[in-house]
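>>> With the sequence up front, the predicted model follows.
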Amino acid sequence: MTTDQDTTRRLNVRAAFASRPRPGEARNGDAAFVRHEGSTLLFAVLDGLGHGDAAADATDAGVEFLAAVDLGLSLHDIVTGLDAHLSPTCGAGAVVGVVRHDTLLACCIADVAVRGHGVAVPLIPSGGLLGRRAGPLHTCGATLPPGARVLVFTPGVAAALDLADVAGHAPQDACQALLAQHAVPEDDATVMLLEATDDT
């Protein structure tokens, strides 16, 4: 007698982030967002245009939209809706992504950056800003193997950062360390780290 077995790989994807405003500013023009719903993880790193209140208002509006959006929508439709929602604001750059099971889809607008360790994330940045005629929008996909890490960071974090420097750190500790070591003094700064672990 034979029995069918479920051999589907189930990954647990954890997300952590650290963020701080530009020194001297009361409000942070960057924002990080994570939302789990069933087998779907929605994440975003937002970089409001400029600094201070106007930038913070833009990213606050982005977080408000993402907290309520229907996760059954395609990533393209989620980002298109976010673009429309930010139209009354000064606008923002962003990386917005969805992880379902072991598949990551992401969209990059402007100069928020992505680095992968153990996985390639071939993002093509879209021009403009969300809320200010972003597009055309490009999405990319990647399969996350166990142990893969994906780092997302705003321009307030120096591009010289290296994920290998925090290879032994838990995600939240890694984010804090990278922010402390690589945040630049003239900008808001945010880092987010996604880590995939095998739950089979």
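Great, that's in hand. Numbers count the residues shown, from 1 in each chain.
>>> tell me the contacts of the nearest residue to P122 once chain neighbours are set aside?
Setting aside the residues directly before and after it, P122 is nearest to C140 in space (CB to CB, 6 or more residues apart in numbering), at 5.2 Å. Glycine gets a C-beta too; all of them are placed from N, C-alpha and C. Residues near C140 by CB atoms under 8 Å, 6 or more residues apart in numbering: 105-107, 121-124.
>>> So what's the residue count around L144?
Neighbours of L144 under the rule other CB atoms under 10 Å: 24.
>>> Next: A142.
21.
>>> So for it, what's the pLDDT?
For A142, the model assigns a pLDDT of 95.
>>> what's near enough to touch it?
Listed by CB under 8 Å, 6+ apart, the contact set of A142 reads 103-104, 106, 116, 119-122.
>>> By residue count, what's the longest helix in the chain?
In the chain, taking DSSP state H as the definition, the longest helix is helix 52-68.
>>> which other helices and strands contact the helix or strand containing V45?
Here V45, judged by DSSP states H and E, is contained in strand 40-48. Contacts defined by 3 or more CB pairs under 8 Å, 6 or more residues apart in numbering; DSSP states H and E place strand 40-48 against strand 11-20, strand 30-37, helix 52-68, strand 92-100, strand 149-153, strand 189-198.
>>> The longest one vs strand 11-20, what angle?
Meaning helix 52-68. If you take axes from the mean of the first three to the mean of the last three CA atoms, to 10 degrees, helix 52-68 sits at 160 degrees to strand 11-20.
>>> what does the fourth one give?
Calculated by the same axes, to 10 degrees, strand 92-100 forms an angle of 160 degrees with strand 11-20.
>>> residue contacts, D111?
Here D111 is in contact with 47, 93, 125, 155 (CB under 8 Å, 6+ apart).
>>> Could you count how many residues lie near the first one?
Read it as D47. D47 has 31 nearby residues by other CB under 10 Å.
>>> how about the helices and strands packed on strand 40-48 in JSON lines, adding mean pLDDT and distance to L129?
Formatted as JSON lines, those follow (pLDDT from 0 to 100; distance: least, CB to CB, whole Å):
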{"stretch": "strand 11-20", "mean pLDDT": "94", "distance to L129": "19"}
{"stretch": "strand 30-37", "mean pLDDT": "97", "distance to L129": "14"}
{"stretch": "helix 52-68", "mean pLDDT": "98", "distance to L129": "9"}
{"stretch": "strand 92-100", "mean pLDDT": "97", "distance to L129": "6"}
{"stretch": "strand 149-153", "mean pLDDT": "97", "distance to L129": "17"}
{"stretch": "strand 189-198", "mean pLDDT": "95", "distance to L129": "16"}
